[in-house]
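K.L.:
when you get a sec, could you give me coordinates for this:
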Amino acid sequence: MKYSAKHVQTFCTVVESGGFTGAQSLLGMSQPAISTHIRDFEIRLGFQLCHRGRGGFTLTEKGTLVYQKCRQMLNGIADFEAELGELRNLLTGTLRIGLIDNTITDPHFPVSKAINRFYQRQGDVSLKLVILPPEDLEREILNHNIHVAIGPFPNRNSRLDYQLLYREEHALYCGNKHPLFHVPDTGLDLATIGKHAISLRTYLQHSNLTSMENTRRIASVSNMEAEAILIKSGIFLGSLPIHYARRWVENGEMRAFSHPELKYHSEFTLNP
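P.N.:
Numbering: from 1, shown residues only. Predicted coordinates for the structure are as follows:
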């Protein structure tokens, strides 16, 4: 069984692009050419890697395992090239960084400035930046698919080393269509607020909301943008970082509740 690095690279790019169409510009290949490479790879392996057609692009069970092995192989090659560069006193390779969503408005999180400073150094380095939920970032670190992960990780994995960077401040918000939007702070206690539907991000531990046991409806969301959408609907309350919600508060689309028990901090840590 013989296959080339081109097979491996093409397959990984197709998977990470969500199909053949998205991979065309990255590979500089036509869709028929990509399809030929994948089909040839499958022939050499002796089994099907993916389903493609009207139902979209999906991996088979074996295809998922092959992708994981291929990605590990490519990452290993990139890391090996970086280590060789160090022997020549030259910074080379691909730096793979993972972040959570919507950190760009956080003044305490100057990743853009850090990237600028990094590229001021001499070297031949490329960058791969991925945005994922915290649990996926932890998995990618453990699988050696990324070098660094930064975000809030409430469920600590004993195999990872968490280095505290700072604490992000959150508050509870409602939209301007919500019945509590114009109620004075003096008329808003936990019992009153707790009667209304709330949305929660699944990856955060909302211990500050445990006193609101009378909440009638709860919506689960996987990221901050989804939570902001539900808050702006006027149906749900929700917690957001203060830096992220500031734009909507300033233009009158949201308000934050001032009750001290509804504010909390999430710890941002670095996983090297």
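K.L.:
residue ranges with poor pLDDT in the stretch 1-150 of the chain?
P.N.:
The stretch 1-150 of the chain contains residues with pLDDT under 70 at 1, 82, 85-91, 122-123.
K.L.:
what ranges do the strands span in it?
P.N.:
50-51, 58-59, 91-99, 123-131, 148-152 (DSSP state E, counting those that start in this stretch).
K.L.:
highest average neighbour count across those?
P.N.:
Mean neighbours per residue, mean count of other Cβ atoms under 10 Å, is largest over the strands of the stretch 1-150 of the chain for strand 148-152, with a mean of 21. Glycine gets a C-beta too; all of them are placed from N, C-alpha and C.
K.L.:
mind listing the strands that one pairs with, and their directions?
P.N.:
Strand 148-152 has its sheet partners listed here by DSSP bridges as strand 91-99 (parallel), strand 264-271 (antiparallel).
K.L.:
how about the closest residue to Ser30 other than its chain neighbours, what does it touch?
P.N.:
Excluding the flanking residues, the one nearest Ser30 by Cβ to Cβ, 6 or more residues apart in numbering is Gln24, at 6.7 Å. Counting by Cβ atoms under 8 Å, 6 or more residues apart in numbering, Gln24 touches Ser30, Gln31, Ile34.
K.L.:
out of those, which end up buried?
P.N.:
Among those, those scoring as buried are Ile34 (criterion: 16 or more other Cβ atoms under 10 Å).
K.L.:
below-threshold pLDDT in the stretch 151-272 of the chain: ranges please.
P.N.:
203-217.
K.L.:
rerun at 80
P.N.:
201-218, 272 (pLDDT under 80).
K.L.:
against Asp106, how distant is the residue nearest to Ser266 when sequence neighbours are not counted?
P.N.:
Spatially, and ignoring its direct neighbours in sequence, Ser266 is nearest to Pro152 (4.1 Å; Cβ to Cβ, 6+ apart). Pro152 sits 12 Å away from Asp106, taking Cβ to Cβ, to the nearest Å as the criterion.
K.L.:
what residues do these two have in common as contacts?
P.N.:
Glu168.
K.L.:
where do the helices sit along the stretch 1-150 of the chain?
P.N.:
Taking DSSP state H, counting those that start in this stretch as the criterion, the stretch 1-150 of the chain carries its helices at 5-17, 20-27, 31-45, 61-87, 111-118, 134-142.
K.L.:
quick one: closest of these to Ile193.
P.N.:
helix 134-142 (26.6 Å; Cβ to Cβ).
K.L.:
for the most centrally placed residue in the chain, give its distance to Val15.
P.N.:
The centre of the chain sits closest to Leu132, judged by Cα atoms, centre = their mean, with a distance of 1.5 Å. Distance, Leu132 to Val15, by Cβ to Cβ: 15 Å.
K.L.:
then Arg201?
P.N.:
Counting by Cβ to Cβ - Arg201 and Val15 are separated by 27 Å.
K.L.:
fine by me, thanks again.
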